[in-house]
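Visitor: Following is a predicted model, sequence given first.
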There are 2 protein chains.
Amino acid sequence: KFKHGIKDIKEFLEKLANRGKVDPLSSNFAQYLDENDKLKYLRYEFSIPKSRDIVNDSVEAKSPEEECMYFCGNSLGLMPKRARELISQELDVWASSGVVGHFKHKHNRPWVSIDDTLVEKMADIVGAKPIEIAIMNTLTSNLHLLMASFYTPNIKKTRKKILIEPMAFPSDLYAIESQIKFHGLDPAKELIKVTPPQGESVVPLNTILEIIEKEGHTISIVLFSGIHYYTGQFFKLKKITQAAQKKGCIVGFDLSHAVGNVVLKLHKWGVDFAAWCSYKYLNSGPGGIAGIFLHEKHATNFNRPRLTGWWGSERKSRFKMDQQFKPIPGASGYQLSNPSVLNVVSLLASLEIFSRTSMVHLRAKSILLTGYLEYLLDKQLNGLGFKIITPRDPHQRGCQLSLKFFEHSVQEKVSKELMSYGAVVDERSPDTIRVAPNPMYNNFSEVFRFVSALKVIIGDIGVKS
Amino acid sequence: KFKHGIKDIKEFLEKLANRGKVDPLSSNFAQYLDENDKLKYLRYEFSIPKSRDIVNDSVEAKSPEEECMYFCGNSLGLMPKRARELISQELDVWASSGVVGHFKHKHNRPWVSIDDTLVEKMADIVGAKPIEIAIMNTLTSNLHLLMASFYTPNIKKTRKKILIEPMAFPSDLYAIESQIKFHGLDPAKELIKVTPPQGESVVPLNTILEIIEKEGHTISIVLFSGIHYYTGQFFKLKKITQAAQKKGCIVGFDLSHAVGNVVLKLHKWGVDFAAWCSYKYLNSGPGGIAGIFLHEKHATNFNRPRLTGWWGSERKSRFKMDQQFKPIPGASGYQLSNPSVLNVVSLLASLEIFSRTSMVHLRAKSILLTGYLEYLLDKQLNGLGFKIITPRDPHQRGCQLSLKFFEHSVQEKVSKELMSYGAVVDERSPDTIRVAPNPMYNNFSEVFRFVSALKVIIGDIGVKS
Ligand SMILES: Cc1ncc(COP(=O)(O)O)c(C=O)c1O
Ligand SMILES: Cc1ncc(COP(=O)(O)O)c(C=O)c1O
């Protein structure tokens, strides 16, 4: 019913309200949407914090025992209840059999190949083949490993540049700059940052395509995030990939804010490589294990530079001492070390939930849920005190809306007050609040409560239009 | 009473037996040693597997309900019981407060700085200052990051070589070779492997010092393990460091088999850098988080190449978007990503146990425990079927003894039979069994039982001298 292809959500929502014979601005409509939500059962797979536990010391919760409105899955996803069980099982195996757990495991996850339990599920989520996926390390480490292979200005001397989005996430920026310096080059010269039009945060596709068209022949890698962490813009990954590859560039994406949030088709789009963390929409817990994608077309290209370790070498050889690195074809060949078992099963708990639905279904709900948030914000607040800087087109964003406040002091007060109402959102200095209703565990009634609270708060502060 | 400085263990053990008025070959002596072991209480902090759970499908345990003889802490340390509790606490925080746990944490371990709980404890264990320690990533990743900084054949063009031990651990070898190739150089030319004298596995210090003396001026890094994973040789780290640095080389160590096993004084010895995993003698669980050491003398040298990430940047700046990498002085400046909370507390559970004793005390017991194993093997088996290839000098080994069998088929049978007796040891192809009594949780009676079983097994196989 909730179509992935929705373009005009406002219209669609009003049609739904009409069909349900409810006022689209009433709490009845939220309830109606919840009742008709086919994914609502997923919420019960997660531990939802209570309001009393999410306030800081200077804030008092108005309804301490109530479940909080957790709109912060863009920063840290909630805990799947099953994580506790799976982790406990691994501790049992460790406690009861020590090192033997590498080969014999009462829950059929021998540690020596435990990441196998994740690969297919992860491949489904990002639209990849299993050979294209590895679960390993942390995001920033993986970006380095992939750049070590794909950023080769010493070999292709006419391609030294890296093209990135505006205001890239600090860690990505640091990683990329350090890679450029590592090759003895100067980031001030070799790093091209796309700039949005004056006064805007979002970059039109054309701006990106024009730079690629103009500079593409000097660019080694186009390295964007899938969804911008700050603005929430979902870049046109397929078009960027095609345009950049046409100019001979390599295309890589940091999908931290896109994976588990939007439908991705990495294989089909021909993306060269990608990396992501798993603690946001993939709910694997703080500092969870990360993932990489390496397109099949690179699976058996062993000529690129590559930083290697035993876990990337053919499994049969790992415990032998024949001392010859034989890369596993595909993404797994980039693995370095034996993975953390606790982190693997913590992620598994979440991916098992993803397996009970699909990204298409989640995305359909997400478009409606975030659209509903946008609808209420527009109708109830109409720009009072802030502006939504995330694209209005649902196909150019994921679940997150970024509200940019006109005054820093207002944003600060609002953040604090929202907390007292039990809302968990993400403040980003200087003046932005990111709100990310997650189709996995958020519902429409929460969105309704959130906007109602925000309206009261902004009214109380006395913001004038 | 058990002195760290013991030279002749055989003599010392016989003196002890004499003092206790027991036959040094009797089980009474083992009991006597256990009774006088001041660290025996530590065993109760660990989950000791039962024999029934450590056999594989083709082996039947003789005493299934008995605690196994776990001599495999060189591969995976046993689980500290407290790990379960600490992990459960972190899951509680995640479940009850989601992202808020980064800043507010009911057990006073806010995730944003959770690795702080480990640094001092880890520093104590390796003889370092806190500024020299970071807890991060995995071992092989860390070796890459450190080599990226310290292996600079493109800058120091007369120093392109890396000197390593014979039969280095596969992952280290792969990592080092790939670093050499990464700089467009040929491992066949630039990698120097020390060779032990014909027919030997252990390398005399002099052989190492001679190569350093001869080739040192062309060597970029001397990169050894602290204790050799296969032979159990504890290299003379201080002397190697001094000799190599005198020739202008950088000195780095992989301390996977040394950390938590022997007394290390990394700061005092002036070692440049080191890296280690934590799942062996540090008991952090499969794939646990790793550690690095960066000598204080490099703490504020920000001119070296370095692959960077936000977690290595000044803490105040992490969540700001000022987009300037400001390295934290010291080892922490090499961190890339936010660390896995589960892995951090799993390691914490173990380091808390280390804090209740000291490496000097553990090492004193270890020398005696492994010496006792050696004594019994010599007296009871006297080379029947195998040879101890680990150095006989306790100061040139840690807790592990490697038994090299003369016949592969004998080793195979012995391994299988040992399992049925409830012994967990590590088989390394082609013909070696590694036995590592851990002073943390093993006792003298287990060693006695182990050698008694081995004697029966070898007798039954009918090995002739
Ligand atoms: C000496 C040594 N180096 C490297 C490794 C590889 O470790 P990791 O998989 O943690 O990178 C090991 C693992 O046993 C090891 O013993
Ligand atoms: C877009 C993006 N890139 C990189 C990172 C850094 O991740 P890590 O600490 O896992 O390397 C984050 C973390 O939030 C992120 O959102």
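Guide: Right, received. Where do you want to start? Since this is a predicted model, take the numbers as computed values, not measurements. Residues are numbered from 1 along each chain as shown, chains lettered A, B, ... in the order given. Ligands and ions are numbered 1, 2, ... in the order given.
Visitor: ok, the closest residue to ligand 1 within the stretch 101-250 of chain A to residue B:309 distance?
Guide: Residue nearest to ligand 1 within the stretch 101-250 of chain A (C-beta to the nearest ligand atom): residue A:137, separated by 10.1 Å. For every residue, glycine as well, the C-beta is placed using N, CA and C. Distance, residue A:137 to residue B:309, by C-beta to C-beta, to the nearest Å: 11 Å.
Visitor: Check residue A:355 too.
Guide: 31 Å.
Visitor: So those two - more neighbours on which side?
Guide: residue B:309 (27 against 12; other C-beta atoms under 10 Å in any protein chain shown).
Visitor: Need the per-residue pLDDT for the more buried one.
Guide: On the pLDDT scale, residue B:309 is placed at 96.
Visitor: Same question for the one 3 residues further on.
Guide: According to the per-residue confidence, residue B:312 scores 97 in pLDDT.
Visitor: Identify the residues contacting it.
Guide: A:174, B:325, B:327-328, B:332-336 (C-beta atoms under 8 Å, 6 or more residues apart in numbering or on different chains).
Visitor: can you do 7 Å?
Guide: Contact partners of residue B:312, counting by C-beta atoms under 7 Å, 6 or more residues apart in numbering or on different chains, are B:327-328, B:332-336.
Visitor: any idea how far ligand 2 is from it?
Guide: 10 Å (C-beta to the nearest ligand atom, to the nearest Å).
Visitor: what number of residues lie near the residue of chain A found nearest ligand 1?
Guide: Nearest to ligand 1 in chain A, going by C-beta to the nearest ligand atom, is residue A:337, at a distance of 3.1 Å. Counted with other C-beta under 10 Å, residues neighbouring residue A:337 total 23.
Visitor: So it belongs to a strand, correct?
Guide: No: applying DSSP: H, G, I helix; E, B strand; the rest coil, one finds residue A:337 to be coil, outside a strand.
Visitor: What residues does the stretch 1-150 of chain A have near chain B?
Guide: For the stretch 1-150 of chain A, the contact set with chain B under C-beta under 7 Å from any C-beta of the partner chain comprises A:47, A:49, A:53-54, A:56, A:70, A:72, A:75-76, A:78-79, A:83-84, A:87, A:91, A:94-101, A:104, A:111, A:137-141, A:144, A:148.
Visitor: go again using 6 Å as the cut-off
Guide: For the stretch 1-150 of chain A, the residues in contact with chain B (C-beta under 6 Å from any C-beta of the partner chain) are A:47, A:49, A:53-54, A:56, A:70, A:72, A:75-76, A:78-79, A:84, A:91, A:94-100, A:104, A:111, A:137-141, A:144.
Visitor: how many neighbours does the residue of the stretch 101-250 of chain A closest to ligand 1 have?
Guide: So residue A:137, with other C-beta under 10 Å, has 29 neighbours.
Visitor: got the residue ranges for the helices in the stretch 1-150 of chain A?
Guide: Along the stretch 1-150 of chain A, the stretches classed as helices by DSSP state H, counting those that start in this stretch are A:9-20, A:27-35, A:51-54, A:81-97, A:116-126, A:139-150.
Visitor: Switch those helices over to a markdown table; also include distance to residue B:267, mean pLDDT and mean neighbour count.
Guide: Listed next are those as a markdown table, based on distance: least, C-beta to C-beta, whole Å; pLDDT from 0 to 100; neighbours: other C-beta atoms under 10 Å in any protein chain shown:
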| stretch | distance to residue B:267 | mean pLDDT | mean neighbour count |
| --- | --- | --- | --- |
| helix A:9-20 | 61 | 94 | 15 |
| helix A:27-35 | 60 | 98 | 18 |
| helix A:51-54 | 42 | 97 | 20 |
| helix A:81-97 | 32 | 98 | 20 |
| helix A:116-126 | 40 | 98 | 21 |
| helix A:139-150 | 27 | 98 | 26 |
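Visitor: Could you dump those into JSON lines and include distance to residue B:406?
Guide: Listed next are these as JSON lines, based on distance: least, C-beta to C-beta, whole Å:
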{"stretch": "helix A:9-20", "distance to residue B:406": "77"}
{"stretch": "helix A:27-35", "distance to residue B:406": "73"}
{"stretch": "helix A:51-54", "distance to residue B:406": "64"}
{"stretch": "helix A:81-97", "distance to residue B:406": "31"}
{"stretch": "helix A:116-126", "distance to residue B:406": "38"}
{"stretch": "helix A:139-150", "distance to residue B:406": "43"}
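Visitor: For residue B:346, find the nearest of the ones you listed.
Guide: helix A:81-97 (8.9 Å; C-beta to C-beta).
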